[in-house]
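Colleague: when you get a sec, could you give me coordinates for this:
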Amino acid sequence: MNPSRKPQIRTYLLMMAVVAFFGQIYFYPFQSTFRFSAGVLALILILLIREDISEVKLAVMTSTAIVLLRTAIRLYLTDLPLLTLIEENLPAGLYYLSFGLMVWALRLRARKDQPFVTMAAFAVVDVASNLVEAWVGNTFNSRLLVLIVTIGIARSVLAYFVYFLYRSQELLIMKREHQKRYAQLNAVMANIQAEIFYLKKSMGEIESVMSRSHRLYEAHKDNPGVRDEALTIARDVHEIKKDYYRVLRGFEGLVKTFEKDGAMSLKDIASIIEVNARRILEELGSAVTFRVEVGQSIQIKAYHSVFTMLNNLIVNAMDACGDKGGDIMVILDADETQARFVVRDTGEGIEDDVLPVLFTPGFTTKYDEATGAASTGIGLAHVKNLLDALGGSIEVNTEVGRGTAFILTIPRQALEA
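Modeller: Down below sits the predicted model:
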């Protein structure tokens, strides 16, 4: 046997067993020998959920299993002959066989996203299959017809309702996974954009070194040793500059490609930010509580810049709260002319003498406790750089020991362009 077929066979056997099991949950109307079972509910759900399952194969296997199982049970409980029991249960097997064949012939699963059409179609198939069973079993009568139609409609509606709940839960899980992946991608892109800022800063320093090397070359033209060394340094630095430039263009192209993906609403931005922040807090084992509030939601095309600014401020707020815990509140709102983003924490606050240099590149108050190494000091400078590019402004309200609020105000036109 082909090993790749084993999982498929196991799947069919499992589905067959499920339908056969639920097929044993039944009742007899009007004290007749005609039974209504819950097996068809399981069959409809399987056909709706598992598109990889063949209707014909499952119908053949299920009808066979139903006949054999019911015959075996009756054989154990009674003294009736085997052939009599098979004849007694054969109509039920024909019901499941005809049900599956009609679903296949009518291509019902192709319209399963149309609720009323699907429910009506399955009800018709259920009624038709029950009529086949009643005709073969010679149990048909006028009173039974009304019950067959009623039960057919009820089973189809109930089965589709359960399928709808399943799909809703599945879509919710997919949405959460999408938000989680997007938050992770956003964190990566924010780090790349921070590196772009750092590369641009280094490019300026490289230009300065090249200019100084050239001046040194001009000043020592009469000194071959110094002149040649200055020229060599200038050439080497120029090569480094070209490599930096290629890396910078590559990063910027990646960010632009990421941002071309249409616009995003403030509500969606808030949802992704909340997922990312809670993930970070959970990883840190932090006692900080985090909340996001959204006022008027607008569509933003420059959403990656917004993500980057807010993520930097939120991480700083987490650091400010530290191990003692605290509260972080993010407010996203907009009016007719501008958007307003607030990141507020109840952390340690900022000293007055620090405020003038808070957004200076390289300035930091963060140090690694293990190594004593300082942080890069790029975070807030990067926020200010992005904010300036959008024509926005930032306000800092802080009180030592009480907390800090960063208030970003950005023209809507810049965000929506």
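Colleague: helices along the stretch 201-350 of the chain, start to end?
Modeller: 224-259, 266-284, 303-321 (DSSP state H, counting those that start in this stretch).
Colleague: again with the stretch 51-200 of the chain
Modeller: Secondary structure of the stretch 51-200 of the chain, counting by DSSP H, counting those that start in this stretch: helices at 55-77, 82-106, 115-136, 142-219.
Colleague: now the ones you listed as JSON lines including mean neighbour count, distance to Gly322 and mean pLDDT?
Modeller: Any C-beta I mention is one placed from the backbone N, CA and C, and that applies to glycine too. Formatted as JSON lines, the helices of the stretch 51-200 of the chain follow (neighbours: other CB atoms under 10 Å; distance: least, CB to CB, whole Å; pLDDT from 0 to 100):
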{"stretch": "helix 55-77", "mean neighbour count": "18", "distance to Gly322": "59", "mean pLDDT": "88"}
{"stretch": "helix 82-106", "mean neighbour count": "19", "distance to Gly322": "61", "mean pLDDT": "88"}
{"stretch": "helix 115-136", "mean neighbour count": "19", "distance to Gly322": "52", "mean pLDDT": "88"}
{"stretch": "helix 142-219", "mean neighbour count": "15", "distance to Gly322": "21", "mean pLDDT": "78"}
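Colleague: can you redo the ones you listed as CSV with distance to Phe406?
Modeller: Below are the helices of the stretch 51-200 of the chain laid out as CSV (distance: least, CB to CB, whole Å):
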stretch, distance to Phe406
helix 55-77, 59
helix 82-106, 59
helix 115-136, 48
helix 142-219, 16
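Colleague: so which of the ones you listed is nearest Val396?
Modeller: Proximity to Val396, assessed across these by CB to CB, is greatest for helix 142-219 (20.0 Å).
Colleague: give me the helices and strands touching the closest one, please.
Modeller: Using 3 or more CB pairs under 8 Å, 6 or more residues apart in numbering; DSSP states H and E as the contact test, the elements touching helix 142-219 are helix 39-49, helix 115-136, helix 224-259, helix 266-284, helix 303-321, helix 379-389.
Colleague: try it again with 10 Å
Modeller: strand 36-37, helix 39-49, helix 115-136, helix 224-259, helix 266-284, helix 303-321, helix 379-389 (3 or more CB pairs under 10 Å, 6 or more residues apart in numbering; DSSP states H and E).
Colleague: distance to Val396 added to those, as CSV?
Modeller: Supplementary listing: the helices and strands packed on helix 142-219 in CSV, determined by distance: least, CB to CB, whole Å:
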stretch, distance to Val396
strand 36-37, 70
helix 39-49, 54
helix 115-136, 53
helix 224-259, 27
helix 266-284, 20
helix 303-321, 10
helix 379-389, 10
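Colleague: show me the contacts for the residue nearest the centre of the chain.
Modeller: Residue closest to the average C-alpha location in the chain (CA atoms, centre = their mean): His178, at 1.4 Å. Counting by CB atoms under 10 Å, 6 or more residues apart in numbering, His178 makes contact with Ile272, Val275.
Colleague: so how far is Ile272 from it?
Modeller: Relative to Ile272, His178 is positioned 9 Å away (CB to CB, to the nearest Å).
Colleague: same check on Tyr95?
Modeller: Distance from Tyr95 to Ile272, by CB to CB: 50 Å.
Colleague: one more: Ser98?
Modeller: From Ser98 to Ile272 the distance is 50 Å (CB to CB).
Colleague: confirm Phe359 sits in a strand?
Modeller: No. Assigned with DSSP: H, G, I helix; E, B strand; the rest coil, Phe359 falls outside any strand and is coil.
Colleague: quick one on the thing from earlier: can you tell me which of the helices and strands packed on helix 142-219 is nearest to Leu415?
Modeller: Minimum separation from Leu415 across these (CB to CB) falls at helix 303-321, 7.1 Å.
Colleague: buried ones in that closest one, by neighbour count?
Modeller: Of the residues in helix 303-321, those buried under the neighbour-count criterion (16 or more other CB atoms under 10 Å) are 303-318, 320-321.
Colleague: isn't Gly285 right next to Asp323, touching?
Modeller: Yes. Between Gly285 and Asp323 a contact is recorded at 9.3 Å, counting by CB atoms under 10 Å.
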